[in-house]
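**Student:** Any chance you can model this:
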Amino acid sequence: LLAVITTMNGQNTSDKLISRVDHLVYATPDLDRGVDEIEKLIGVRATAGGRHPQWGTRNALLALGPTTYLEILGPDPEQPPPKEPRPLGLDQLKESRLVAWFVSSRALEQVRREAVRKGVPLGEVKSGSRRRTDGVQLSWQFTDPLTPVADGIVPLFIDWGDSPHPAHSATKGATLVRLRAEHPDANKVREMLRHLGVDLPVERGPSPALIAIIEGPRGRVELR
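**Tutor:** All right, here's what the predicted structure looks like:
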């Protein structure tokens with residue numbers, strides 16, 4: 001389990017980390033299946049999000065806090081296959097799992113430059129958009145999800161600008177309590193996270209894994 005580490009001002013690093021998490025990405029080969037899996041595990045059914053025309057994907061959302069949410073992401077069978085691979089390894093996915101997480105940040109170009117200078121190969125800053133089911137258009141900037149770092153354990157960074165945050169309109173009823181990770185090369189990953197100022201606990205494990213502890217109607221559950 002994640003150890004509670006107290007800082008000088010009394011706030012534990014788990015709380016500090018959770019406050020910075022924008023969203024987690026639960027990728028699935030089939031969105032309806034992924035939504036069912038999350039409802040069965042947590043006890044809350046995710047809200048339909050919208051389509052991403054540039055990637056051939058669609059999503060559903062579950063709020064995990066005032067400005068934190070779980071994105072369930074899958075291919076969109078109603079769109080033609082995109083010209084380039086779908087993000088976050090979606091095309092090769094056989095089973096649903098947590099594949100990435102995003103940290104909310106401003107000045108993304110500066111964040112990326114500093115990261116690359118310190119040896120953390122964040123992808124270029126890109127723009128994205130989608131239209132919600134109620135017609136509201138969302139747009140954002142983020143570091144390229146086609147360039148995952150450390151198998152998705154190192155976060156991507158996102159800036160929603162003037163768009164309403166997706167957590168505001170997502171289904172409520174669950175809370176992100178803790179986030180940790182495992183990786184075969186834990187020391188290297190911890191060093192990259194340190195350069196980014198991100199306090200994600202990483203332990204050595206046989207394969208890369210993001211592990212979220214979420215509290216909801218079914219109690220505290222572990223999502224990988």
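**Student:** Quick one: the strands in the protein, in order.
**Tutor:** Secondary structure of the chain (DSSP state E): strands at 21-27, 47-52, 57-65, 68-75, 97-104, 125-132, 137-143, 156-159, 175-183, 202-204, 209-216, 219-223.
**Student:** Need the CA coordinates for the third one. PDB is fine.
**Tutor:** If I follow you right, that is strand 57-65. Taking C-alpha atoms only, strand 57-65 is exported to PDB below (Å, rounded to 0.1, in the frame of the first residue of the first chain):
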ATOM      1  CA  THR A  57     -11.900   7.300 -30.600                       C
ATOM      2  CA  ARG A  58     -14.700   8.100 -28.200                       C
ATOM      3  CA  ASN A  59     -14.900   8.300 -24.400                       C
ATOM      4  CA  ALA A  60     -17.000   8.100 -21.300                       C
ATOM      5  CA  LEU A  61     -16.200  10.000 -18.100                       C
ATOM      6  CA  LEU A  62     -16.500   9.500 -14.300                       C
ATOM      7  CA  ALA A  63     -15.700  12.300 -11.900                       C
ATOM      8  CA  LEU A  64     -13.100  11.500  -9.200                       C
ATOM      9  CA  GLY A  65     -13.000  14.900  -7.700                       C
END
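**Student:** now that strand: how far from the chain's centre is it?
**Tutor:** Put simply, strand 57-65 sits 10 Å off its chain's centre (Cα atoms, centre = their mean, to the nearest Å).
**Student:** can you list the strands of the chain in JSON lines and add mean pLDDT?
**Tutor:** Converted to JSON lines, the strands of the chain look like this (pLDDT from 0 to 100):
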{"stretch": "strand 21-27", "mean pLDDT": "98"}
{"stretch": "strand 47-52", "mean pLDDT": "93"}
{"stretch": "strand 57-65", "mean pLDDT": "97"}
{"stretch": "strand 68-75", "mean pLDDT": "98"}
{"stretch": "strand 97-104", "mean pLDDT": "97"}
{"stretch": "strand 125-132", "mean pLDDT": "92"}
{"stretch": "strand 137-143", "mean pLDDT": "95"}
{"stretch": "strand 156-159", "mean pLDDT": "98"}
{"stretch": "strand 175-183", "mean pLDDT": "98"}
{"stretch": "strand 202-204", "mean pLDDT": "98"}
{"stretch": "strand 209-216", "mean pLDDT": "98"}
{"stretch": "strand 219-223", "mean pLDDT": "98"}
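**Student:** hang on, R190 packs against E203?
**Tutor:** No. Using Cβ atoms under 8 Å, R190 is not in contact with E203; the gap is 9.5 Å. C-beta here means a position set from N, CA and C on the backbone, and glycine is covered the same way.
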